[in-house]
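J.: missing the sequence, but the structure's below:
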């Protein structure tokens, strides 16, 4: 049981902690390149400024997780539950977020360039100043999202998005 453990600044590349209890674990500033957390319950974990590039987070429970300023580039977060996650200023470029639940997530200033958000849910999410250039938004459910003039979208998001958006400057 590693719940509430603190691994801040550790190097855990290619880690596979299959079967470990990791609720509320602290992995801030940790290197976890290619780590496998598929299907894990990481609710409440702290990954602030960590490197999870190319990590496998398929189907993981990431509710309330802090990914503030975290590198999630090319990570696979498909079908993950990111409800209430803090992804402010995270690098999520070219990541797979297909069918992910981002309800209430804060993506302020996040880099989602080239990310796959097909069939994801962004209900009540914050996308202030986020970059979604070249992102795949096919079937994206967007309802009550917060945007700004600085939010960068693909060519014409209104042709792709389902639902409605609330824009704040």
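T.: Here it is on my side, so go on. Keep in mind it's a predicted model, so treat the numbers as computed, not measured.

J.: what's near enough to touch residue 9?
T.: 28-30 (Cβ atoms under 8 Å, 6 or more residues apart in numbering). Glycine gets a C-beta too; all of them are placed from N, C-alpha and C.

J.: quick one: the most centrally placed residue in the chain from residue 52, how far?
T.: With distances taken as Cα atoms, centre = their mean, the chain has residue 87 as the residue nearest its mean C-alpha position (5.8 Å). Counting by Cβ to Cβ, to the nearest Å, the separation of residue 87 from residue 52 is 12 Å.

J.: and what of residue 70?
T.: 6 Å.

J.: Show me which of these two is the more surrounded one.
T.: residue 70 (31 against 27; other Cβ atoms under 10 Å).

J.: Show me which residues of stretch 128-143 are buried.
T.: Residues of stretch 128-143 classed as buried: 128-132, 135-137, 140-143 (neighbour count, 16 or more other Cβ atoms under 10 Å).

J.: Can you list the low-confidence ranges for the chain?
T.: 18-19, 155-169 (pLDDT under 70).

J.: how about the strands in it?
T.: 141-147, 162-167 (DSSP state E).

J.: Just give the nearest non-adjacent residue to residue 43, would you?
T.: residue 63 (4.8 Å; Cβ to Cβ, 6 or more residues apart in numbering).

J.: Check residue 39 too.
T.: Using Cβ to Cβ, 6+ apart, the closest residue to residue 39 is residue 59 (4.8 Å).

J.: ok, how many other residues are close to the one you found?
T.: 18.

J.: Looks like it contacts residue 80 (just checking).
T.: Yes. Between residue 59 and residue 80 a contact is recorded at 6.2 Å, counting by Cβ atoms under 8 Å.

J.: Any idea how far apart the tips of stretch 61-73 sit?
T.: One end of stretch 61-73 sits 19 Å from the other (Cα to Cα, to the nearest Å).

J.: can you check stretch 58-67 too?
T.: 16 Å.

J.: Check the offset of it from the chain's centre.
T.: Distance, stretch centre to chain centre, for stretch 58-67: 8 Å (Cα atoms, centre = their mean, to the nearest Å).

J.: Also stretch 5-12?
T.: On Cα atoms, centre = their mean, the centre of stretch 5-12 falls 20 Å from that of its chain.

J.: same deal with stretch 4-18?
T.: 18 Å.

J.: picking up where we left off before, got a list of what the residue nearest to residue 39 touches?
T.: 38-39, 78-80.

J.: From residue 119, how far out is residue 125?
T.: For residue 125, the distance to residue 119 - Cβ to Cβ - is 15 Å.
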